[in-house]
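Enquirer: okay, sequence plus prediction incoming.
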Amino acid sequence: MTINSTESSVFQVPKTKGTGSITTDAVMESVGMYVWFGPRLVLADVNLKFPANSVTALIGPSGCGKSTFIRTLNRMHELIPSAALAGQVLFEGNDIYGPTVNPVDVRLRIGMVFQKPNPFPAMTIEENVLSGLRLAKIKNEKPAELVEKSLTQAGLWNEVKDRLGNTAGSLSGGQQQRLCIARSLAVNPNVLLMDEPCSALDPGSTLRVEETIRELSEFMTVVIVTHNMQQAQRVAQFTAFFLSEDNNPGYVVEHGPTVDVFANPIDTRTSDYVNGRFG
Amino acid sequence: MNRTVTASKPWKQRTSNDYLLVIATSTLPMLVSYVALKSGILSPMLAGLLFIVSQIVAGGVAGLIHRGKRGVGDGILVSLIGFSLATIGIIMGSVLWSVLYKGLEALKFQFLIQNNEYITPTSPLGYGGIGHALLGTIIIVSIATLISLPIGIATAVYITEVRGRSKVIVQSLVQAMSGVPSVVAGLFIYATFIISGVSAYNGFMGALAYSILMLPTVARTAEEVLRLVPDDLRSAALALGASRARVVSMVVLPTAKAGLVTATLLGIARVIGETAPLVFTIFGSARTNLNPFSDGMAALPLYIFNGVRQPFAPEQARAYSAALVLLILVLIVFSLARFLTSDRKRK
Ligand SMILES: Nc1ncnc2c1ncn2[C@@H]1O[C@H](COP(=O)(O)OP(=O)(O)OP(=O)(O)O)[C@@H](O)[C@H]1O
Ligand SMILES: [Mg+2]
């Protein structure tokens, strides 16, 4: 298939390998997703299904478009002025880019945790956890319970339960990141997008966050970008391998159950990458 | 297989229903209030009130229809912003209009380049001009900028980067200086340099008086923009082994470049129309004088001030034209700065 967009050069997008094995019903699905920054096409023809209550890892070398892709899944992409796209993101069967869809509602149900911890510095720990509710004006009868539940899920409760009134800036980087996870969980989203959530964490915190992700996946769909191959194998049932070669747009080389992608990759580049031979 | 994929921005697409909604909610309240006013049901006061209230409600309703419950706040906000915009627009518009309307009469090319040497207040339009005052303003403001910009930025750097022991004193001094009335700035220079005989009336004295007014504006704005530079950047540079001075000159100031230009502009805007500091310092002149260190100099605000007080129509028309030229000058300076600081690499 050839893409002719106004300015990006014609590029042959290879077909994604291995997708056939995902048959479960998808809660979220990207269909024929192309993404531009200005005239530059950075992602081509991404078709991925995210089955309900599963964890999908997005892996690939730096600059291949993982962050860009994950940001299209909850309409954060459009906040960049030069951004444009083609294709659909179906959430529970409806296109989140549909004309009547309010991006605010999308982001409430599809939460996001960023690479760099970004708690609100002027708020206390407790206020940070409840900030999503307050920002969206959602009422909650038992805020104290919610704070405890969210912080426990994020593996932070024991460390901060005695100082919920301190400002978030008084926490370490790893604690701040877990606070951000707790903040996202407090609004109880259906899907949680995580862009390298552990890149600023120590091994202990990383394991705790991974534990959290596994627990969350009992009732939540998680998409996680990671550069850590072991992490992908530990937490994800499915893995998608992104690649962008020779300045061409990124695309999904291979997608399927994590065990297959790591143990029996179809594409040689996948096996090279997951075995640390490039990237 | 060949397929054409077109980039689109679904978040910017509007349906005809959206447009209909906007048109309806932005015209209906006006229409209703107008009818109520014309038919005499409501007094002008009440009709105005009805308009404002119904427009806010209409904004909320539009938001509700378009985006559901969560859109109400957005809709109301848009209405309020519209009102603020209209208020500012009307005020600015009427100022601009009166200057344009009265100022265009005398504005000819000759008016921009000739001086006032053989002109009396009753001389007909078509003779003489403000070339001398235009040049005078440019010279005086440039000198004032050259003086207050380095001092202002140094002050800001002292407060935000050096964080020296007298930081609080410096801060309150700057604060106090920003409250100095412009006439006091002029009188200060007059008393210090002119009465005492150190200097005669000249352009440089005017520039000094302007600097007193510019300095606090530049310093405080620069302080604010330097504060916006993230501490991470300072840490990063320090961790690379940079000295404090290198951090400031290579990282902090370049990062805040656009903000510092804004600080300068605000300083220029603060003084360029000031008359009072000039009355006691530059004396004024009808000829073109390019030397700021000897003899009186002309400047646009002083020219306008003297002109509008004359009972003669031609002189008043000339003064209004000078006001128009001053406005255009400010516009040029601001656009230039915008252009210079715009990140042209970004598309
Ligand atoms: N705001 C932007 N404007 C223009 N181009 C951008 C922008 N953000 C990203 N890009 C480009 O899009 C491509 C994909 O970037 P992206 O951040 O998605 O990569 P990534 O896979 O997340 O990399 P990493 O693993 O390093 O985080 C890169 O080539 C990048 O230069
Ligand atoms: Mg990234």
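Expert: On my side now, so go ahead. Ligands and ions are numbered 1, 2, ... in the order given.

Enquirer: quick one: B:Arg70 and A:Asn102 touch, right?
Expert: Yes: with contact defined as Cβ atoms under 8 Å, B:Arg70 reaches A:Asn102; the gap is 6.3 Å. Using the backbone N, CA and C atoms, a C-beta is placed for each residue, glycine as well.

Enquirer: run through the bridge partners of A:Thr124.
Expert: Beta-bridge partners for A:Thr124, by DSSP bridges, are A:Thr167.

Enquirer: how much space between it and B:Leu327?
Expert: Counting by Cβ to Cβ, to the nearest Å, the gap from A:Thr124 to B:Leu327 is 50 Å.

Enquirer: could I get the contacting residues of residue 180?
Expert: Going with chain A. A:Val113, A:Phe114, A:Pro117, A:Asn118, A:Pro119 (Cβ atoms under 8 Å, 6 or more residues apart in numbering or on different chains).

Enquirer: that's the wrong chain, I wanted chain B
Expert: B:Ile212, B:Leu213, B:Pro216 are the contacts of B:Val180 under Cβ under 8 Å, 6+ apart.

Enquirer: ok, so of those, who is nearest ligand 1?
Expert: B:Pro216 (38.0 Å; Cβ to the nearest ligand atom).

Enquirer: after the helix or strand hosting the closest one comes which helix or strand?
Expert: Per DSSP states H and E: B:Pro216 is located in helix B:203-228. The element immediately downstream of helix B:203-228 (helix or strand, assigned by DSSP H and E) is helix B:231-239.

Enquirer: how near is the closest residue to chain A within the stretch 101-250 of chain B to A:Asn102?
Expert: Residue of the stretch 101-250 of chain B nearest chain A, by Cβ to the nearest Cβ: B:Asp232 (9.9 Å). Distance from B:Asp232 to A:Asn102, counting by Cβ to Cβ: 34 Å.

Enquirer: likewise A:Gln237?
Expert: In this view, A:Gln237 and A:Asn102 are 31 Å apart by Cβ to Cβ.

Enquirer: so where does the one residue sitting closest to the centre of chain B fall, helix or strand?
Expert: Of all residues in chain B, the one closest to the mean position by Cα atoms, centre = their mean is B:Ala269, 4.8 Å from it. Taking DSSP H and E as the definition, one finds B:Ala269 inside helix B:257-272.

Enquirer: pLDDT of that helix, averaged?
Expert: Helix B:257-272 comes out with an average pLDDT of 91.

Enquirer: now do stretch B:278-295
Expert: 91.

Enquirer: contact partners of that stretch?
Expert: Under Cβ under 8 Å, 6+ apart, the answer for stretch B:278-295 is B:115-117, B:119, B:131-132, B:135-136, B:139-140, B:143, B:183, B:186-187, B:189-190, B:194, B:200-209, B:296-299, B:301-303, B:305-306.

Enquirer: can you check stretch A:156-173 too?
Expert: Taking Cβ under 8 Å, 6+ apart as the rule, stretch A:156-173 contacts A:117, A:119-126, A:128, A:147-148, A:151, A:175-176, A:178-179, A:182, A:200-201.

Enquirer: quick one: the helices in the stretch 101-250 of chain B, in order.
Expert: B:109-113, B:131-157, B:167-177, B:182-189, B:203-228, B:231-239, B:244-246 (DSSP state H, counting those that start in this stretch).

Enquirer: that'll do, ta.
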